[in-house]
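[1] My questions concern the predicted model and sequence given below.
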Amino acid sequence: MRSETPLYTALTGFAARRPLRLYMPGHKGRPLPGLPGFPTEIDFTELPPTGDLYRRGGPVEEAENLWAELWGADCCLFLTGGSTQGIHAALRCAAPGGGLVLADRVSHRSIHTGLALLGCPVGWIPREPLAGDSALAPLRPAQVEDGLARYPQAKAVVVTSPTYYGVLSDIPAIAAVCHRHGAALVVDGAHGAHLPLLGENPYRGADFTVVSTHKTLRAPGQTALLFANGCALDELQAASMLFATSSPSYVMMAALDALRPWCQGEGKARYRATAERVAALRRDYPALTEADCPLDPCRLTLCVPDGEGLCQELMNRGIYPEMADRSHVVNILTEADGAASFARLRAGLDGLGLRGQARPNRTEPTPPPLPEQVCSPRAALLAPAEPVPWGEATGRVAAEQLAPYPPGVPLVAPGERITKKVLDYLKKIGYNKQCISVLQETP
């Protein structure tokens with residue numbers, strides 16, 4: 001009979017045999033000083049009873065296969081280095097040999113570092129702002145179509161969905177465009193691990209999807225999952241080994257194994273209840289709603305005249321949002337936030353006079369066009385660099401992202417030329433670093 005949690009069951013069963021632990025880790029199953037709650041009893045290394053993340057067979061692969069079955073994917077790889085590990089592995093599989101990658105400009109730094117590590121040239125797809133708001137709209141299939149027409153040699157397309165603001169793109173439609181052009185679709189779904197619990201899986205059609213279970217599900221920090229279609233588990237394992245530790249945490253992997261049955265059962269009802277509560281908050285307070293664009297049902301993005309000021313006021317009341325910028329305060333709400341948490345958030349927002357407040361029609365200054373790409377991300381990130389004062393950066397080639405954070409969307413990516421228009425725009429929106437890292441020698 002197949003175990004519901006093959007890895008967790010194998011680890012606890014092996015621990016119950018009280019083996020003499022003449023192997024790593026050094027705690028040998030005993031409590032950690034100052035951290036007696038850490039489950040050292042199931043913190044093993046690669047042994048015949050425990051399996052190996054990077055070899056076929058055993059309880060680890062059994063547990064991964066159950067996740068793949070739940071997700072509707074060909075295979076799944078457990079990640080203990082967060083979504084960054086998964087993005088790097090997915091890029092390695094999707095663009096072998098350093099093929100060109102067409103990337104959503106709304107991209108986490110892991111995409112930039114992955115392109116650099118793999119030596120992949122890149123083409124960018126910019127997004128448009130939402131009407132009446134400075135948050136960026138979903139990436140449209142037509143924009144991907146246009147990008148692939150400009151870069152017909154692209155091996156892969158990378159899309160972020162949801163964004164930090166909770167904005168969702170139509171992944172099945174984008175996947176169809178990519179596949180017509182012979183390109184693989186990689187989705188950075190780091191903030192969307194919970195979305196399949198709310199109905200149909202929104203990542204259908206993607207060739208590679210990476211989700212951070214630790215961001216929106218009950219899982220330890222750094223846990224994540226990489227799902228693949230049309231790619232064998234052996235390939236995922238080999239690609240991941242280039243970027244990951246050779247000593248993955250069995251506690252983390254056991255947590256992923258134990259999480260899945262909960263997702264299949266109780267988790268679905270709990271997340272649907274959370275989505276209903278968030279929908280009620282959106283009706284009562286100024287926020288992005290489904291009328292603006294498709295959104296993560298469990299993310300509350302408040303739209304206010306002074307997001308950073310409101311965030312500080314909330315923190316003064318013991319309420320800590322995920323992030324804030326000049327126009328927004330983003331709150332991640334999960335099933336772990338029960339009725340009491342929602343009531344406390346409502347009380348804080350009411351105390352600041354936000355109930356029934358109208359949304360400001362707020363737009364940021366028009367951003368400059370995409371800068372000239374002078375050299376590849378790899379060349380920029382690995383070449384000798386130097387810091388220069390803000391006023392001396394015009395005309396130099398960036399060795400780092402210039403990305404107001406949040407939300408972290410780069411105005412200038414590594415390898416692109418810094419222009420006066422870019423610096424003027426950054427100054428207008430309040431982003432002003434003393435020094436900028438640039439290449440020592442400008443190509």
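    In hand now; what should we look at? Numbers count the residues shown, from 1 in each chain.

[2] burial of the nearest residue to A156 once chain neighbours are set aside, as a residue count?
    The shortest distance from A156 to any non-neighbouring residue, by CB to CB, 6 or more residues apart in numbering, is to A94 (3.7 Å). Heads up, the C-betas are built off the backbone N, CA and C, glycines and all. The tally of other residues near A94 (other CB atoms under 10 Å) stands at 24.

[3] what ranges do the helices span in the stretch 151-300 of the chain?
    Remark: helices assigned in the stretch 151-300 of the chain by DSSP state H, counting those that start in this stretch are 171-180, 213-216, 233-241, 250-264, 266-284.

[4] And the contacts of the shortest one?
    Judged by CB atoms under 8 Å, 6 or more residues apart in numbering, the contacts made with helix 213-216 from elsewhere in the structure are 82, 190-194, 219-225, 256, 259, 298, 332, 334.

[5] And the fourth one, by the same measure?
    Where contact means CB under 8 Å, 6+ apart, the residues beyond helix 250-264 that reach it are 4-8, 11, 38-39, 42-45, 50, 53, 60, 63, 66-67, 70, 78, 80, 197, 213, 217-220, 222-223, 225.

[6] in that helix, what's buried?
    Across helix 250-264, burial judged by 16 or more other CB atoms under 10 Å covers 250-260, 263.

[7] tilt between that helix and helix 266-284?
    Orientation check (axes from the mean of the first three to the mean of the last three CA atoms, to 10 degrees): helix 250-264 against helix 266-284 gives 70 degrees.

[8] got the CA coordinates for helix 250-264 in CSV?
    The C-alpha coordinates for helix 250-264 follow below in CSV (Å, rounded to 0.1, in the frame of the first residue of the first chain):
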residue,chain,number,x,y,z
TYR,A,250,15.8,16.4,5.0
VAL,A,251,13.7,18.3,7.5
MET,A,252,12.7,20.8,4.7
MET,A,253,12.0,17.9,2.3
ALA,A,254,9.9,16.1,4.9
ALA,A,255,7.9,19.3,5.5
LEU,A,256,7.1,19.4,1.7
ASP,A,257,6.1,15.8,1.8
ALA,A,258,3.8,16.3,4.9
LEU,A,259,2.3,19.5,3.4
ARG,A,260,0.9,17.9,0.3
PRO,A,261,-1.9,15.8,1.9
TRP,A,262,-3.0,18.9,3.9
CYS,A,263,-3.2,20.8,0.6
GLN,A,264,-5.3,18.1,-0.9
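
[9] where does the protein have low pLDDT?
    1, 362-364, 405-408, 432 (pLDDT under 70).

[10] Strands of that one, start to end?
    Assigned by DSSP state E, the chain shows strands spanning 75-79, 101-104, 122-125, 156-160, 184-188, 208-211, 224-228, 299-303, 323-324, 328-332, 385-389, 435-439.

[11] Next, the residues that contact the last one from outside, please.
    Residues outside strand 435-439 that contact it (CB under 8 Å, 6+ apart) are 375, 380, 383-390, 393, 396-400, 402, 418.

[12] hmm, back to that, now mean neighbour count and distance to A273 too, for the strands of the chain, in JSON lines please.
    Converted to JSON lines, the strands of the chain look like this (neighbours: other CB atoms under 10 Å; distance: least, CB to CB, whole Å):
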{"stretch": "strand 75-79", "mean neighbour count": "26", "distance to A273": "27"}
{"stretch": "strand 101-104", "mean neighbour count": "27", "distance to A273": "32"}
{"stretch": "strand 122-125", "mean neighbour count": "20", "distance to A273": "36"}
{"stretch": "strand 156-160", "mean neighbour count": "26", "distance to A273": "27"}
{"stretch": "strand 184-188", "mean neighbour count": "28", "distance to A273": "26"}
{"stretch": "strand 208-211", "mean neighbour count": "29", "distance to A273": "21"}
{"stretch": "strand 224-228", "mean neighbour count": "28", "distance to A273": "24"}
{"stretch": "strand 299-303", "mean neighbour count": "26", "distance to A273": "15"}
{"stretch": "strand 323-324", "mean neighbour count": "20", "distance to A273": "25"}
{"stretch": "strand 328-332", "mean neighbour count": "24", "distance to A273": "16"}
{"stretch": "strand 385-389", "mean neighbour count": "14", "distance to A273": "50"}
{"stretch": "strand 435-439", "mean neighbour count": "19", "distance to A273": "46"}
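
[13] hang on, the earlier thing: any idea how far the residue nearest to A156 lies from W390?
    Per CB to CB, to the nearest Å, A94 is found 37 Å from W390.

[14] Ok, A413 next?
    18 Å.

[15] So the two - more neighbours on which side?
    Per other CB under 10 Å, whichever of A413 and W390 has more neighbours is A413, with 25 against 15.

[16] N201: which of the helices of the stretch 151-300 of the chain is closest?
    Closest to N201 of these, according to CB to CB: helix 171-180, at 9.2 Å.

[17] could I have the closest one exported to CSV, CA atoms only?
    Output in CSV follows, covering the C-alpha atoms of helix 171-180 (Å, rounded to 0.1, in the frame of the first residue of the first chain):
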residue,chain,number,x,y,z
ILE,A,171,-0.3,31.5,-18.4
PRO,A,172,-2.1,29.0,-20.6
ALA,A,173,-2.6,31.6,-23.4
ILE,A,174,1.1,32.7,-23.1
ALA,A,175,2.2,29.0,-23.2
ALA,A,176,0.3,28.5,-26.5
VAL,A,177,2.1,31.5,-28.0
CYS,A,178,5.5,30.2,-26.8
HIS,A,179,4.9,26.7,-28.1
ARG,A,180,3.9,28.0,-31.6
